[in-house]
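*Asks:* everything below, folded, please.
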Amino acid sequence: MLDMFGMPIADIDTEGLLDHLFSGLDAGRGGWIVTANLDILRRYVLDPASRDLYDQADLIVADGMPLVWASQLRHEALPERVAGSSMTVDLLQRAAQTGRTVYLLGGKGDVAERARQATERDMPGLRIVGTQAPFISSPITPAETDAIAEQIDKASAEPDIILVGFGSPKQEHAIAALRTRYPKAWFIGIGITFSFLCNETPRAPGWMQRTGLEWLHRMTQEPKRLTTRYLRDDLPFFGLLMLESYRQGRQR
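*Replies:* Okay, the predicted model is just below:
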């Protein structure tokens with residue numbers, strides 16, 4: 001486990017993460033996995049309420065090359081970036097192979113349903129037992145939580161894996177409210193991934209993912225929402241993260 005400004009980042013790769021999740025299911029145990037990027041780390045460090053929220057997770061992995069670079073500068077290198085969108089595909093494939101059920105919560109319009117159709121077509125044996133894309137507040141209200149749980153219960157007694165795509169931090173608030181109702185299920189917040197799965201939104205080319213430039217591709221897709229977040233908020237924090245990580249590495 002790597003302590004990055006107080007956030008515990010799991011020293012794990014994608015395969016190890018899936019082994020952990022599916023062995024938990026075999027043992028009748030669920031949990032909450034956070035795929036942390038630079039923006040999540042920034043909020044964790046600067047906002048006590050966000051820190052309290054993310055501290056409720058069972059496992060936090062590094063979804064974001066800046067976190068991997070910081071670990072390398074500290075000479076505590078993480079094995080790889082565990083990209084939430086890529087990991088979701090691997091997770092769904094393993095769920096299909098093992099007979100585990102999945103529920104898709106979030107996205108806009110019918111994106112989650114189209115993601116279900118696309119993945120079930122491409123992955124024989126995959127069982128997505130329901131989808132819904134409700135409007136929710138941030139943080140989610142008790143009434144909204146009850147309504148979501150009612151729809152999940154209509155689809156399945158308890159899905160094994162619940163993928164939540166409201167965007168951060170809305171999806172984390174939703175997971176924190178819902179997880180006690182489904183203690184044997186694994187929750188993962190996956191942002192825009194439903195749109196990737198049904199090809200509504202193109203993902204960044206592989207070279208941009210590998211070089212840490214996927215954020216730039218996303219910013220061009222949603223400039224109104226993401227430009228301020230990435231350039232005004234995250235970029236200065238990125239500089240501080242690299243400087244502090246370099247200093248810690250020098251001390252080692």
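*Asks:* pull out the buried positions in the longest helix anywhere in the chain.
*Replies:* Looking only at the chain and at elements set by DSSP state H, the helix with the highest residue count is helix 235-251. Going by neighbour count (16 or more other CB atoms under 10 Å), the buried part of helix 235-251 is F237, F238, L241, S245. C-betas here are computed from N, CA, C, even on glycine.
*Asks:* the last one contacts A70, correct?
*Replies:* By that I understand S245. Yes. Taking contacts as CB atoms under 8 Å, S245 lies within contact range of A70: 4.0 Å.
*Asks:* mind listing the strands for the stretch 101-250 of the chain?
*Replies:* Read by DSSP state E, counting those that start in this stretch, the stretch 101-250 of the chain holds these strands, from start to end of the chain: 101-106, 127-132, 161-165, 186-189.
*Asks:* I'd like the ones you listed as JSON lines, with distance to G6 and mean pLDDT appended.
*Replies:* Converted to JSON lines, these look like this (distance: least, CB to CB, whole Å; pLDDT from 0 to 100):
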{"stretch": "strand 101-106", "distance to G6": "28", "mean pLDDT": "97"}
{"stretch": "strand 127-132", "distance to G6": "34", "mean pLDDT": "96"}
{"stretch": "strand 161-165", "distance to G6": "24", "mean pLDDT": "97"}
{"stretch": "strand 186-189", "distance to G6": "20", "mean pLDDT": "98"}
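*Asks:* W32: which of those strands is closest?
*Replies:* Nearest to W32 among the strands of the stretch 101-250 of the chain is strand 186-189 (4.7 Å), distances taken as CB to CB.
*Asks:* list the strands paired with the closest one, with their directions.
*Replies:* Paired with strand 186-189 in the same sheet, following DSSP bridges, are strand 31-36 (parallel), strand 161-165 (parallel).
*Asks:* the first one - what's its average pLDDT?
*Replies:* The pLDDT scores in strand 31-36 average 97.
*Asks:* tell me the helix or strand right after that strand.
*Replies:* Past strand 31-36, further along toward the C-terminus, the next helix or strand under DSSP states H and E is helix 38-46.
*Asks:* which residues are contacting that following helix?
*Replies:* Taking contacts as CB atoms under 8 Å, 6 or more residues apart in numbering, the residues outside helix 38-46 that touch it are 4-7, 34, 36, 50-51, 54, 64, 66-67, 168-169, 215, 229-230, 233-234, 237-238, 241.
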